[in-house]
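# sequence first, predicted model second:
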Amino acid sequence: MTHAPHTARFTLDPAFTVSPVDPRIFGSFVEHLGRCVYTGVHEPGHPTADEAGLRTDVLDLVRELGVTVVRYPGGNFVSGYKWEDGVGPAEERPRRLDLAWRSTETNRFGLGEFMDFVRKAGAEPMMAINLGTRGVAEAIELQEYANHPGGTELSDRRAAHGDAEPYGIRLWCLGNEMDGPWQTGHKTADEYGRIAAETARAMRQIDPGVELVVCGSSSQAMETFAAWEATVLGHSYDLVDHISLHAYYQEQDGDRDSFLASAVDTESFIENVVATCDHIGARLKSDKRINLSFDEWNVWYQDGAIPSLSGEGRGEDWAEAPRLLEDNYSVTDAVVVGSLLIALLRHADRVKVACQAQLVNVIAPIATEPGGRAWRQTIFHPFAQTSRHGRGTVLDVRVDSPRHTTRRFGEVDLLHATAVRDEATGAVTVFAVNRSQDEALPLEIALRGLGLGEVVEHSVLADADPDARNTAAEPDRVVPRQVTGTVLGDGGETLKATLEPLSWNVIRLA
Ligand code: AHR
């Protein structure tokens, strides 16, 4: 067969797989930060609010997004948080300074409200504990309050607060970004490794079945990266299940090609953390494998280089629920988010939990106006499509792709792709990004032994204006649309498609 010179190709074969997908990689994150909680998920008095003050318009969108896990209550916020402030009668709860975001925390929303929210969202809670200003005692007190059935002061206090049934929280983060000098109660790797191990040991005394995430690095660029992981795991390897990774990306200095290749960093970060975990495992002569919890990832314009949703600034000191980090995302940002999801799926053998940061208003797929509407940002769409169709087993995809040179990453493939097979139905979904800004990319996939007979759909997110955004006034300016001309040939053995420039693609085969 002769090929067009600039065609990207790969082969799919059900015998060559990466791993089943853990649905918990489609997680999200609710932090007490800006308007994520207040006027985001919680707004008593909003026309759609339920009896608990939860916005049902937001809950509908969270379910549509397909969020499986929600991490809470921070983020940087958790490192100064007293969980006791957020339980009991709401009108008696204290107002506190939130040092992380220079805001005033009213505590009108706390653990009970959060559990109500995740249940209604159909998701699993992932609770972070404060290892910044607090320690072992407060962690096990929270665990007892949340999970012990009854008959102790703390579990009876939960029942008196209205929740007789224990919350059954299984997934816990041992602090947040403790390697970061900005973190309240920041620690050295040895200091943190010790307190994480002591906390893990105590939490397992209450319940050996808890799943624990120890803090890795706040990004691969941290000076202490890898040494931090090695030291922390040296203290805690036998006591924890996962190590965390955090990564945020933005376009810098007009270098869009590098931005579109952000997942090169994501994949090398994952592979470097896996190597570090396995090195410590080998040193300890352990058969146990530490998995990865990529519990903060997204596009985030940390320098405020793009418009915020509100057009307002970055908030005033000690304001209540100020407008902070309300990034308004473009088509290009959505394509990068799609590529980051592909990176997570491609490493489904070790990435077992992941949380897009965050869920509502704050660097988020869902935006709201106080008293007003809720809508989908551009980045909503790749997440929702991947959560819906990315369940099953990830197939091993090795691409042979035209390449181009980027300033930050050197030579990179124009095609970034993965594929997931639903074992029950045999259906296969291909997720693919074309990183070229100006050239369409022909794609040919050899399909071996998959018995596929039909292209169900080829959906694309792309736009003549790669900076197009959704806003309150035009909430559906950017949505996925269907592509024609994607066909199966050779009796179902070959798929041919064309990927538009700068595009996110979902190709479903049955
Ligand atoms: O998600 C925003 C912030 O980013 C989180 O609070 C922190 O953990 C990270 O640095």
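Now that the structure is in, tell me what you want to look at.
# stretch 175-182 near the ligand at all?
Yes: on the criterion C-beta under 6 Å from any ligand atom, stretch 175-182 is in touch with the ligand at 176-177. Any C-beta I mention is one placed from the backbone N, CA and C, and that applies to glycine too.
# what comes into contact with that stretch?
74-76, 78-79, 128-132, 183, 185-187, 189, 192, 195-196, 215-218, 222, 224, 228, 246 (C-beta atoms under 8 Å, 6 or more residues apart in numbering).
# how about 7 Å then?
Contact partners of stretch 175-182, identified using C-beta atoms under 7 Å, 6 or more residues apart in numbering, comprise 74-76, 78-79, 128-129, 131-132, 183, 186-187, 192, 196, 215, 217-218, 222, 224, 228, 246.
# residue 365 contacts residue 377, correct?
Yes: counting by C-beta atoms under 7 Å, residue 377 is a contact partner of residue 365 at 5.3 Å.
# now the strands for the stretch 351-500 of the chain?
Applying DSSP state E, counting those that start in this stretch to the stretch 351-500 of the chain gives strands spanning 351-356, 366-368, 374-376, 393-395, 403-406, 410-413, 415-421, 428-434, 441-447, 455-461, 481-482, 487-489, 494-499.
# direction included, what does the last one pair up with?
This points to strand 494-499. Here strand 494-499 is paired, per DSSP bridges, with strand 441-447 (antiparallel), strand 487-489 (antiparallel).
# quick one: average pLDDT of that strand?
The average pLDDT for strand 494-499 rounds to 98.
# following it, which helix or strand comes up?
The helix or strand immediately downstream of strand 494-499 is strand 503-509, counting by DSSP states H and E.
# can you tell me the SS state at residue 230?
Following DSSP: H, G, I helix; E, B strand; the rest coil, residue 230 is assigned to helix.
# how close does it sit to the ligand?
According to C-beta to the nearest ligand atom, to the nearest Å, residue 230 and the ligand sit 21 Å apart.
# tell me the phi and psi of the residue nearest to residue 320 when sequence neighbours are not counted?
Distances taken as C-beta to C-beta, 6 or more residues apart in numbering put residue 104 closest to residue 320, at 5.0 Å, once the chain neighbours are dropped. With angles defined as degrees, to the nearest 10, residue 104 sits at phi -100, psi 130.
# pretty sure residue 104 is touching residue 32, no?
No: counting by C-beta under 7 Å, residue 104 sits too far from residue 32 to count as a contact (10.7 Å).
# mutual contacts of these two, please.
Overlap of the contact sets of residue 104 and residue 32 (by C-beta under 7 Å, 6+ apart) consists of residue 98.
# please say which of those two ends up with more neighbours.
Comparing residue 104 with residue 32 by other C-beta atoms under 10 Å, the one with more neighbours is residue 32, at 27 against 16.
# got the contact list for the more buried one?
For residue 32, the contact set (C-beta under 7 Å, 6+ apart) comprises 73-74, 77, 98, 105.
# what about 8 Å?
Each residue near residue 32 by C-beta under 8 Å, 6+ apart is listed here: 73-75, 77, 81, 98, 101, 105, 109.
# quick check, nearest of these to the ligand?
Proximity to the ligand was ranked across those by C-beta to the nearest ligand atom; first place goes to residue 75, at 2.8 Å.
# still on that earlier bit, show me which of the contacts of residue 32 neighbour the ligand.
By C-beta under 6 Å from any ligand atom, the members of the contacts of residue 32 lying near the ligand are 74-75.
# got a markdown table for the contacts of residue 32, with neighbour count and pLDDT too?
A markdown table is the format used below for the contacts of residue 32 (neighbours: other C-beta atoms under 10 Å; pLDDT from 0 to 100):
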| residue | neighbour count | pLDDT |
| --- | --- | --- |
| 73 | 26 | 98 |
| 74 | 26 | 97 |
| 75 | 27 | 97 |
| 77 | 25 | 98 |
| 81 | 29 | 98 |
| 98 | 19 | 96 |
| 101 | 24 | 95 |
| 105 | 29 | 98 |
| 109 | 27 | 98 |
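# out of the contacts of residue 32, who's nearest residue 439?
Looking at the contacts of residue 32 and their distance to residue 439, the nearest is residue 75, at 39.5 Å (C-beta to C-beta).
# might you report the residue contacts of that closest one?
Residue 75 makes contact with 29, 31-33, 100, 128, 176, 296, 357-358 under the criterion C-beta under 8 Å, 6+ apart.
# of those residues, which is the most crowded?
residue 176 (31 neighbours).
# how near is it to residue 319?
According to C-beta to C-beta, to the nearest Å, residue 176 and residue 319 sit 22 Å apart.
# same check on residue 496?
Distance of residue 496 to residue 319, computed by C-beta to C-beta: 55 Å.
# quick revisit: just the ones of the contacts of residue 75 in strands?
Under the assignment DSSP state E, these contribute 29, 128, 296 to strands.
# beta partners for the last one?
Each beta-bridge partner of residue 296 is listed here: residue 246, as defined by DSSP bridges.
# now it: how far from residue 385?
From residue 296 to residue 385 the distance is 21 Å (C-beta to C-beta).
# from the ones in strands among the contacts of residue 75, which are also near the ligand?
Applying C-beta under 6 Å from any ligand atom, the subset of those adjacent to the ligand comprises residue 296.
# redo the ones in strands among the contacts of residue 75 as a markdown table? Include pLDDT.
Formatted as a markdown table, the ones in strands among the contacts of residue 75 follow (pLDDT from 0 to 100):
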| residue | pLDDT |
| --- | --- |
| 29 | 98 |
| 128 | 98 |
| 296 | 98 |
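# helices of the stretch 1-150 of the chain, residue ranges please.
With DSSP state H, counting those that start in this stretch as the criterion, the stretch 1-150 of the chain has helices at 56-65, 111-121, 136-147.
# so which helix or strand takes in the closest residue to residue 504 other than its chain neighbours?
In space, and not counting its chain neighbours, residue 504 is closest to residue 338: 3.7 Å by C-beta to C-beta, 6+ apart. Element membership for residue 338, per DSSP H and E: helix 331-346.
# show me how far that helix is from its chain's centre.
11 Å (C-alpha atoms, centre = their mean, to the nearest Å).
# ok, now which ones touch residue 412?
Contacts of residue 412 by C-beta under 8 Å, 6+ apart are 261, 264, 403-406, 435.
# distance of it from the ligand?
With distances taken as C-beta to the nearest ligand atom, residue 412 is found 26 Å from the ligand.
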